[in-house]
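S.K.: the following block contains a protein sequence and its predicted model.
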Amino acid sequence: MTEIRKKNIHTFLHQSAIAHYNVVVLAGNDRGQVSHFVEAVKDVYLAELAADPMACKELSKKQLDEDVSLFINEVDSPSFFVNRNVLKIIEPSEKFTKNLETFADSHNAHCLVIVQAMALSKQSSLRKLASSHPRIAYIACYDDDEKDIMSLIRAKVGASHKTIHSDAISFLASQLGSDRMKTLSEIDKLLIYCHDKNEITLDDVYNSVADVSQFQLDAMCDAIFVGNTDSMTRKLDRALHANFNENQILATLINHVLMIQNILLKTAEQKNLQKIVEEHRPLIFYKRRELILRQCQIWELSDIIKIIHKFNKVQRDMRSQMQIPLLVLKHVMFTIHYIAKQKASRKNRL
């Protein structure tokens with residue numbers, strides 16, 4: 001067995017490398033990443049035949065459980081129309097492993113079997129087979145981290161003959177999660193948005209990919225914690241108009257205050273507030289950093305801890321429905337805003 005690590009996947013994705021194997025097993029919790037690499041292996045192996053519907057067939061767990069001879073017929077019968085083909089096996093059961101081993105032992109030169117599976121435990125018979133057979137390549141599709149996502153962005157943008165600013169890459173990566181297909185979809189959306197541009201900037205990423213409704217909630221939080229009455233009122237009205245409920249608004253407020261707490265705790269150690277804000281993860285959008293800096297200058301860590309306790313109490317009250325949720329939430333928001341306004345005013349007088 002050869003385990004292909006993610007950092008070496010591009011070395012593996014060559015027809016001459018894949019030709020050493022009868023079977024390629026791709027497994028992991030990230031279904032999007034598994035599907036992405038399944039298609040990549042298929043396309044490389046088939047090359048000019050990749051678009052030919054006769055060159056790739058698929059069998060599901062249900063089909064194999066009902067009639068395993070479907071698999072045997074596919075791998076033992078060369079096509080009259082193509083000189084090589086791919087057979088995709090989708091999440092097979094453990095009892096199929098023996099059939100897979102028999103095929104891996106053969107000297108089949110016309111068919112590559114690609115197994116697409118969820119994460120395999122060490123006790124899995126398929127995992128054990130993949131760990132010992134020299135004609136099986138195994139690719140574990142672990143969740144993408146920020147470095148993986150940034151590499152993917154560079155590759156996709158470069159393939160489109162465009163360039164992208166480094167700060168745009170960092171911000172885009174911070175907005176994407178561990179689902180590879182969603183990541184690719186968001187990058188494609190960005191490329192469509194920038195179809196007439198050769199250079200992609202941070203503003204392009206913000207306008208194309210970022211969740212604008214979530215940014216409105218973030219702006220509402222900023223307005224509350226700097227004491228901006230007009231902005232807070234407008235952003236809250238927009239949030240309610242956009243059908244955000246009280247629990248969503250409260251969750252955003254809690255995440256916001258935890259971010260401020262995290263920055264203030266780091267400030268006690270490192271002292272350089274601006275650098276801490278700039279390097280914070282998830283990345284803070286550059287147009288928002290000045291407001292975050294101001295909040296960290298207005299509020300003391302002890303105040304923020306009290307607010308966290310208050311939000312926790314509000315959350316308990318809302319769950320028990322002891323009071324009307326929206327009224328409770330608005331009261332707390334306006335109280336915090338009023339305190340922030342007073343604190344900001346005192347800071348300005350000093």
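M.R.: Received the coordinates, thanks.

S.K.: need the pLDDT of Ala210.
M.R.: Per-residue pLDDT puts Ala210 at 64.

S.K.: ok, Leu250 next?
M.R.: 91.

S.K.: so it sits against Gln315, correct?
M.R.: Yes. Using Cβ atoms under 8 Å, Leu250 makes contact with Gln315 at a distance of 6.2 Å. C-beta here means a position set from N, CA and C on the backbone, and glycine is covered the same way.

S.K.: ok, and what's touching stretch 107-117?
M.R.: Residues outside stretch 107-117 that contact it (Cβ atoms under 8 Å, 6 or more residues apart in numbering) are 18, 21-27, 34-35, 38, 41-42, 45, 74-75, 78-79, 83-92, 100, 103, 126.

S.K.: give me the contact list for stretch 137-155.
M.R.: With contacts defined as Cβ under 8 Å, 6+ apart, stretch 137-155 is touched by 1-6, 9, 12, 18, 20-21, 23-30, 33-34, 37, 130-131, 164, 169-170, 172-174, 176, 178, 180, 183-184, 187, 281.

S.K.: stretch 126-134 too?
M.R.: With Cβ under 8 Å, 6+ apart, stretch 126-134 has contacts from 1-2, 23, 25, 27, 92, 94, 96-97, 100-101, 104, 115, 117, 120-122, 136, 138.

S.K.: what about the contacts of stretch 107-117, which are in strands?
M.R.: Val23, Val24, Val25, Leu26, Ala27, Asn85, Val86, Leu87, Lys88, Ile89, Ile90 (DSSP state E).

S.K.: got the contact list for Asn228?
M.R.: By Cβ under 8 Å, 6+ apart, the contact set of Asn228 is Asp222, His337.

S.K.: swap the cut-off to 6 Å and go again
M.R.: Going by Cβ atoms under 6 Å, 6 or more residues apart in numbering, Asn228 touches no other residue.

S.K.: pull out the buried residues from the contacts of stretch 107-117.
M.R.: With burial judged by 16 or more other Cβ atoms under 10 Å, the buried subset of those is 18, 21-27, 34-35, 38, 41-42, 45, 74-75, 79, 84-92, 100, 103, 126.

S.K.: how much space separates Ile169 from Cys194?
M.R.: Distance, Ile169 to Cys194, by Cβ to Cβ, to the nearest Å: 13 Å.

S.K.: ok, back up a step: so which of the contacts of stretch 137-155 sit within helices?
M.R.: 9, 12, 18, 33-34, 37, 130, 169-170, 172-174, 180, 183-184, 187 (DSSP state H).

S.K.: buried among these? Make that a PyMOL selection.
M.R.: Of the ones in helices among the contacts of stretch 137-155, the buried ones go into a single PyMOL selection, burial set by 16+ other Cβ under 10 Å:
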select buried, resi 12+18+33+34+37+130+169+170+172+173+174+180+183+184+187
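
S.K.: which pair in the ones in helices among the contacts of stretch 137-155 spans the largest distance?
M.R.: Across the ones in helices among the contacts of stretch 137-155, the longest distance by Cβ to Cβ is 35.9 Å; it joins Ala130 and Ser170.

S.K.: how about Lys343, nearest residue that isn't a chain neighbour?
M.R.: Leaving out its chain neighbours, the residue that sits closest to Lys343 by Cβ to Cβ, 6 or more residues apart in numbering is Ile298, at 4.8 Å.
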